[in-house]
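1. got a sequence here, can you model it:
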Amino acid sequence: MDANRRLAEIAAERNRQRLEKLQKRWQELEQLIRQAQSFSIRYLKADELLKLGKLYRLAVAELARSNSPVPNRPLHRLVGWGYSVLYAQPPLQRLKFWHALARLLWRDFPATVINHLPFLLLAASTLFVSSALTVLVVLKRPEVASAWLGEYLTMTLQEVAQRHKPGADWLPLMGRPFAFWLILLNNLRVALMGYGFGMVAMLPSLYLLFVNGKVIGGAIAFGYQFGTLSELLGFVLPHGVVELPAFLLAATAGLAVGYRWLCPGDLPRFTAMVEASRKSVPLVLVALLMLLYAAFIEAFFSPHERIPAPAKWLFAFVELVVLTLYFIGRGIASKWGHTQ
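-> Numbers count the residues shown, from 1 in each chain. From the prediction side, this is the model:
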């Protein structure tokens, strides 16, 4: 009797362990099915796709084995759900572009930002230091401001500061569609230069950021000198809070590639650069999307003379809050997802 009871206990313990192991597998299968349903199965990684097929076959086999005495209803629902995702063609999955865009914004881009955070901080520091130095030079040492900025840039920034007076319509309504395309093409050019220059040992991209920082700092300093800083910020902030991060993201991608050129590691130099370029593609794509939005705001909203500067500040603040919540929220979710 004792031997039979002992064997029964061993069998019960093994069955319990087996059920726990199967439960973990079904939970993992459910997570993969949910992920495939959200973004389309074709966007799963290779290891995720292999694991999905393996777990689904195990679930089907377990369902066939367990259905003879008593049906396993939760497993039955899971297998049916998996079948609809693996073999069916929901209408939304035909929209490849929108699925790819959703995956880019919701998953790939935040994860890429986290992985490239040191380069992003380097780019942001360069831009900020340059802007702060320029403000100090123009306000504290005006006699050397022309030498620091150059005569042409000094004159240009002074003209920009002077034209931003309350109620001034310096960009007529009829000229704004043309200004949109001009602004967009110029922003794309600067962003792609920041990306491309960074591939050459990082220094050209950092120099470009330093120059753009001088432009930002000079505009702020001259706006303060001419008493038009309020209106100037009302023009700059609505598109600037999106435009500047876009430039930084493009430069970050270039810096990452340039770093792999300097430090290829165990890989051949060209192979290391190609790998870094592939990993930084989400940064460049989202930067271009952000510049498209920023160009529209800069052409049609920022110069609008009937919108008071405080309203433009409020609009920029809302944009900043949304961007901050997006970067922090999706960044944390992406990092947490990779640790699971």
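2. pretty sure R260 contacts E275?
-> Yes: the pair R260 / E275 is scored as a contact, 7.1 Å apart, by Cβ atoms under 8 Å. All C-beta atoms are positioned from the backbone trio N, CA, C, and that covers glycine.
3. so those two - more neighbours on which side?
-> Set side by side, R260 and E275 show more neighbours around R260, with 23 against 15, by other Cβ atoms under 10 Å.
4. look at that one and report its pLDDT.
-> At R260, the pLDDT value in this model is 92.
5. got it, and F97?
-> pLDDT, read off for F97, is 67.
6. number the chain from 128, please
-> Shifting the count to begin at 128 puts that one at F224.
7. next secondary structure element downstream of the helix or strand hosting R141?
-> Here R141, judged by DSSP states H and E, is contained in helix 129-166. Remark: after helix 129-166, the chain's next helix or strand is helix 173-193, criterion DSSP H and E.
8. in that next one, what's buried?
-> By 16 or more other Cβ atoms under 10 Å, the buried positions in helix 173-193 come out as 178-179, 182-183, 186, 189-190.
9. can I get those in TSV including pLDDT and distance to Q150?
-> Shown next, in TSV, are the buried residues of helix 173-193 (pLDDT from 0 to 100; distance: Cβ to Cβ, whole Å):
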residue	pLDDT	distance to Q150
K178	84	16
L179	82	17
L182	85	12
Y183	85	16
A186	85	12
E189	80	11
L190	79	14
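10. could you dump those residues to a markdown table with distance to E270?
-> A markdown table is the format used below for those (distance: Cβ to Cβ, whole Å):
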| residue | distance to E270 |
| --- | --- |
| K178 | 68 |
| L179 | 69 |
| L182 | 72 |
| Y183 | 75 |
| A186 | 77 |
| E189 | 82 |
| L190 | 83 |
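11. now do the SS call for P293.
-> Following DSSP: H, G, I helix; E, B strand; the rest coil, the label given to P293 is coil.
12. what helix or strand is the spatially most central residue of the chain located in?
-> For the chain, the residue whose C-alpha lies nearest the mean C-alpha position (Cα atoms, centre = their mean) is F236; its distance is 4.0 Å. Using DSSP H and E, the element containing F236 is helix 236-242.
13. helices and strands around that helix, which ones?
-> helix 396-427, helix 436-466 (3 or more Cβ pairs under 8 Å, 6 or more residues apart in numbering; DSSP states H and E).
14. which of the residues in the first one are buried?
-> Within helix 396-427, the residues that count as buried by 16+ other Cβ under 10 Å are 399-400, 403-404, 406-407, 409-418, 421-427.
15. same check on the last one?
-> Neighbour-count burial for helix 436-466, counted by 16+ other Cβ under 10 Å, picks out 436, 439, 442-443, 446, 457-458, 461.
16. which one of those residues sits closest to L171?
-> S461 (16.3 Å; Cβ to Cβ).
17. which parts of the stretch 178-327 of the chain are helices?
-> Remark: helices assigned in the stretch 178-327 of the chain by DSSP state H, counting those that start in this stretch are 200-214, 223-230, 236-242, 244-267, 272-276, 278-290, 303-325.
18. can you add distance to L333 and give the ones you listed back as CSV?
-> Shown next, in CSV, are the helices of the stretch 178-327 of the chain (distance: least, Cβ to Cβ, whole Å):
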stretch, distance to L333
helix 200-214, 46
helix 223-230, 31
helix 236-242, 19
helix 244-267, 5
helix 272-276, 18
helix 278-290, 19
helix 303-325, 8
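19. what's the most buried one of the ones you listed?
-> helix 236-242 (a mean of 20; mean count of other Cβ atoms under 10 Å).
20. mind giving me the domain ranges of this protein?
-> 129-220, 229-466 (automatic domain parsing).
21. hang on, G367 packs against W440?
-> No: between G367 and W440 there is no contact under Cβ under 8 Å: 11.4 Å.
22. the nearest residue to V256 once chain neighbours are set aside and S257, how far apart?
-> Ranked by Cβ to Cβ, 6 or more residues apart in numbering and with sequence neighbours excluded, the top spatial neighbour of V256 is G340, at 7.0 Å. Relative to S257, G340 is positioned 3 Å away (Cβ to Cβ, to the nearest Å).
23. A238 now?
-> Counting by Cβ to Cβ, the gap from A238 to S257 is 29 Å.
24. where does the stretch 278-427 of the chain dip in pLDDT?
-> 294 (pLDDT under 70).
25. if you set the cut-off to 80 instead, what comes out?
-> Low-confidence segments of the stretch 278-427 of the chain, defined by pLDDT under 80: 292-301, 328.
26. what angle separates the helix holding R141 from helix 173-193?
-> 130 degrees (axes from the mean of the first three to the mean of the last three Cα atoms, to 10 degrees).
27. what comes up buried for helix 129-166?
-> For helix 129-166, a neighbour-count test (16+ other Cβ under 10 Å) marks 149, 152-153, 156-157, 159-160, 162-164, 166 as buried.
28. angle of it against helix 200-214?
-> Using the same axes, to 10 degrees: helix 129-166 against helix 200-214 is 40 degrees.
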